[in-house]
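Asks: coordinates only, sequence not included:
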């Protein structure tokens, strides 16, 4: 990874050299009259002893914006503090002195350039780059030559020590660099007696140790033996590490808890209604029951994760108490984390699979005119696929030991820190299942609309109304599922595209826990994570939509009446016919209305299934 940043830095320097063309381009000649304007580069306004410069400058930048953008590329070099002169020299090159009275531009003196080059040679050698030709010192006049030849006047001093700048004071007054650099390339500060940390390794605050030895199997920000400490974070890390303390330790856990409780209640009511009136959930609606089972368990696991977060420290299930860091590998004492991951991941993937099965059965019923009995006859294959695929993925992850702990939710999952696992085992399956389900859903609606147009003059108005109500019901439920599921996938893609940069920012921050310098850089949007958890649990909440009707009230009223009658030894007039099912209340089932019309007219694919399904 270090080589990648070195290569990028080299390319940037070569790009500057090629664009600036120092020596070939038509630059303002030393001592010539030009138009002066204010120095605009923020750091240079703090360093330079003058206020006016000119454009095009010595590097052929014709606009202040261009000069500022290219100057920003050298901010990492300033932060390396390889020379106390380098800042003064760079500012002189990008914002050369312009006398506002005579409108004459002056370059930096050669002594300033040469001393900066000597000071930074070792640092640039570590970066595998040389002094850029665009900064050739031979093209600059020497100090004192202007006394003989006024055209060779320059900005500098015979004793360059008077031009040295305290970079610590200057950099601390800035908001920070506009680009991210690799801290592993930072050399020790010059002239400091205090021992500096090894910046080529994981920051000590994030290093996973067992005694005096580092622990293998952990990785964070591109460093091995590097991890995320258990919640709550110690005061040695900055308060806004990753997120603010209030966000990560209060807002996020309570947010997840609240929606988990709603999801638990909604799915519980759906499952209870199914147990009260099983005839109501026939195919193609039956997968809603198993989808509810999955999200009921998912919500329960998140609630358990919140409970463990309240104890804090080593009591958090996602935390490896032996090292004090969130899990990134399994061991003998990680049974609780492994079980939690197994349950959470298995039922998360199973829920997505049952969404595909729901849309598939909807397509079979609406598009191919399969009867409820025909779909039920192959239901064992639905169960086989919906439970076996999540089981295989779960076993593979456990075998590869890719389970890690989630700080915000306090649960064990996969891909929380490992980006490859995130893409392969989380983003990939959920995206594929979403696309498959959407395909079957749209195909079913297409067929239903064709059926509706053919039925217009062939069935009664009441039967057509029932079909339309059924289509609206299926449509609303599908939207309530597919839209949140799509948002979850979008959040996962956002996380996948940016996580590496986020981790690098946090590593920089851990190198400088008492300064804001290392915290500058890309950071995750907290609201995006809240949205991801909300939408994931909202999918389970939508199962409650299917039971929002008078039929549910009648089913529960009948069930309560039956229970009371059994308890007191009475028989109810409703017993044996507790609730008229959809097939009983309608003369023709909504999904069977297609069979009231010759299938060949509306669904050529379904014609071959008509004889065997009706």
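Replies: Done, it's in. Just so we're clear, the structure is a prediction, and the values are computed from it rather than from any experiment.

Asks: Please report phi then psi for the residue in the chain sticking out farthest from the centre.
Replies: No residue in the chain sits farther from the centre than residue 148, which is 63.4 Å out by C-alpha atoms, centre = their mean. Phi and psi for residue 148, reported as degrees, to the nearest 10, are phi -90, psi -40.

Asks: what's the neighbour count on the residue lying closest to residue 317 once chain neighbours are set aside?
Replies: Excluding its sequence neighbours, the residue lying closest to residue 317 (C-beta to C-beta, 6 or more residues apart in numbering) is residue 308, at 4.5 Å. Just so you know, the C-beta spots here come from the backbone N, C-alpha and C atoms, and that holds for glycine as well. Residue 308 sits with 18 neighbouring residues when counted by other C-beta atoms under 10 Å.

Asks: for residue 144, same thing?
Replies: 14.

Asks: Phi, psi for it please.
Replies: Here is the backbone geometry of residue 144 (degrees, to the nearest 10): phi 100, psi -20.

Asks: swap in residue 72?
Replies: Taking degrees, to the nearest 10, you get phi -60, psi -20 for the backbone angles of residue 72.

Asks: just how off-centre is stretch 284-300 within its chain?
Replies: On the basis of C-alpha atoms, centre = their mean, to the nearest Å, stretch 284-300 sits 26 Å off its chain's mean C-alpha point.

Asks: what's that stretch in contact with?
Replies: Contact with stretch 284-300 is made by 260-261, 263-264, 267-268, 270-271, 274, 281, 343-344, 347-348, 350-351, 354-355, 357-358, 361-362, 364-366, 372, 375-376, 379, 382, 386, 477, 536-537, 539-540, 543, 546, 591, as judged by C-beta atoms under 8 Å, 6 or more residues apart in numbering.

Asks: So which bits of that stretch are buried?
Replies: Of the residues in stretch 284-300, 284-300 count as buried by neighbour count, 16 or more other C-beta atoms under 10 Å.

Asks: Stretch 114-126 now?
Replies: 114-117, 119-120, 123-124.

Asks: now these as a markdown table including pLDDT?
Replies: Shown next, in a markdown table, are the buried residues of stretch 114-126 (pLDDT from 0 to 100):
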| residue | pLDDT |
| --- | --- |
| 114 | 87 |
| 115 | 86 |
| 116 | 85 |
| 117 | 86 |
| 119 | 83 |
| 120 | 83 |
| 123 | 73 |
| 124 | 73 |
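
Asks: For the closest residue to residue 271 other than its chain neighbours, which three-state class applies?
Replies: Leaving out its chain neighbours, the residue that sits closest to residue 271 by C-beta to C-beta, 6+ apart is residue 292, at 5.5 Å. Here residue 292 is recorded as helix under DSSP: H, G, I helix; E, B strand; the rest coil.

Asks: How about residue 496?
Replies: helix.

Asks: contacting residues around it?
Replies: When contacts are counted by C-beta under 8 Å, 6+ apart, residue 496 touches 419, 422-423, 427.

Asks: closest to residue 248 among these?
Replies: The nearest member of the contacts of residue 496 to residue 248, counting by C-beta to C-beta, is residue 422 at 19.1 Å.

Asks: give me every residue that touches the closest one.
Replies: By C-beta under 8 Å, 6+ apart, the contact set of residue 422 is 414-416, 492, 495-496, 499.

Asks: And the pLDDT at it?
Replies: At residue 422, the predicted lDDT confidence score is 94.

Asks: That one - that's part of a helix, no?
Replies: Yes. According to three-state DSSP, residue 422 belongs to a helix.

Asks: quick one: it from residue 496, how far?
Replies: For residue 422, the distance to residue 496 equals 6 Å [C-beta to C-beta, to the nearest Å].

Asks: Next: residue 80.
Replies: 31 Å.

Asks: on that earlier part again, greatest separation within the buried residues of stretch 114-126: which pair is it?
Replies: The two members of the buried residues of stretch 114-126 with the most space between them (C-beta to C-beta) are 114 and 123, at 16.0 Å.

Asks: Using the three-state scheme, assign residue 503.
Replies: helix.

Asks: how about the strands in the stretch 351-500 of the chain?
Replies: Secondary structure of the stretch 351-500 of the chain (DSSP state E, counting those that start in this stretch): strands located at 403-405, 412-414.

Asks: Least reliable of these by average pLDDT, please.
Replies: In terms of average pLDDT, strand 403-405 trails the rest of those, at a mean of 90.

Asks: State the pLDDT value of the spatially most central residue of the chain.
Replies: Geometric centre of the chain, nearest residue: residue 495, 1.5 Å, by C-alpha atoms, centre = their mean. For residue 495, the pLDDT comes out at 93.
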